[in-house]
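quick check, what structure comes out for this input:
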Amino acid sequence: MFDLTGKVALLTGATGGIPRATAALFRRLGAALVLTDLDPAALDDLAGTLSGAGPAVLTARVDVTDRAEIDAAVALAVKGLGGLDILVTGAGLYVEQEVASMSDADWRRTIGVNLDGVFHACRAAMPVLRQGGSIVNIASMAGHRGSVRHAHYAACKAAVLGFTRSIVHELSPRGVRANCVSPGIIATPMTEAIMRDNGAALIGATPMRRFGTPEEVASVIAFLASDAAAFVTGETIHINGGLYMD
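Numbers count the residues shown, from 1 in each chain. Down below sits the predicted model:
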């Protein structure tokens with residue numbers, strides 16, 4: 001498909017459904033990896049599935065709400081693997097709550113992971129991304145159309161879209177691109193509850209009459225990260241089987 005040989009990619013939230021599939025695809029395409037998440041044991045398990053001949057796979061326990069931890073992960077990529085070419089912001093928190101019952105702490109926690117985490121990762125990576133590099137932020141269909149009982153999540157994802165379009169102006173003079181993917185309902189542990197409770201209605205409203213897979217999102221991320229998308233920046237690609245068309 002695409003060639004990422006010689007590239008170094010850092011993924012946040014790497015043990016989640018979409019980032020995990022992305023890491024596996026990036027590895028097959030020749031990229032060295034820095035995988036970050038909260039659970040070191042889960043990271044080790046993931047790295048184990050990617051072991052073998054090929055570029056290095058490093059792991060780091062990172063809370064994306066902590067600036068120092070994400071700064072250290074970027075430094076690890078530069079020092080341990082020689083540089084950084086690709087950032088994929090996959091860390092996410094998807095909690096079902098109505099606004100009336102949402103505490104200040106609930107709001108701040110969701111904002112911290114889904115928006116502050118993107119900011120921290122991009123800010124740390126932007127000065128060191130090499131020419132031809134790429135940021136791919138994982139947004140969501142919720143950021144375009146809203147989401148029932150997920151207002152804080154939808155607000156974050158809408159902000160990520162605007163943030164990504166804005167950093168393009170700082171990155172482009174250095175030959176670095178930034179784009180978003182906006183998945184719809186993708187079959188991952190994060191969406192198990194919504195698929196269980198509303199799956200039939202959602203499939204009925206989806207022209208392709210099924211949910212997406214993490215691998216289908218990963219392939220679009222790989223395109224945006226690769227030289228095949230060398231003149232694509234500030235864009236958002238929807239991956240939802242036609243459920244939402246912008």
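
tally of neighbours for the closest residue to residue 93 other than its chain neighbours?
Among residues not flanking residue 93 along the chain, residue 113 sits closest, at 4.1 Å (Cβ to Cβ, 6 or more residues apart in numbering). Yep, even glycine has a C-beta here, placed from its N, CA and C like the rest. Burial measure for residue 113: 23 neighbouring residues, criterion other Cβ atoms under 10 Å.

where does residue 113 land in three-state SS?
Secondary structure assignment for residue 113 (DSSP: H, G, I helix; E, B strand; the rest coil): helix.

with residue 130 instead?
Going by three-state DSSP: residue 130 is strand.

next up, the contacts around it.
Each residue near residue 130 by Cβ atoms under 8 Å, 6 or more residues apart in numbering is listed here: 83-85, 176.

kindly report the same for residue 232.
Residue 232 sits in contact with 177, 179, 224, where contact means Cβ under 8 Å, 6+ apart.

ok, back up a step: of the contacts of residue 130, which is the most crowded?
Counting neighbours by other Cβ under 10 Å, residue 84 comes out on top of these with 26 neighbours.

sorry, back to before: check the contacts of residue 232 against residue 171 and report the nearest one.
Residue 171 has its nearest neighbour among the contacts of residue 232 in residue 177, at 6.7 Å by Cβ to Cβ.

pretty sure residue 129 contacts residue 87?
Yes. Assessed by Cβ atoms under 8 Å, residue 129 is found in contact with residue 87 at 7.0 Å.

shared neighbours, these two?
With Cβ under 8 Å, 6+ apart, residue 129 and residue 87 have common neighbours residue 135.

who's more crowded, the two?
The residue with more neighbours, out of residue 129 and residue 87, is residue 87; 30 against 26, by other Cβ under 10 Å.
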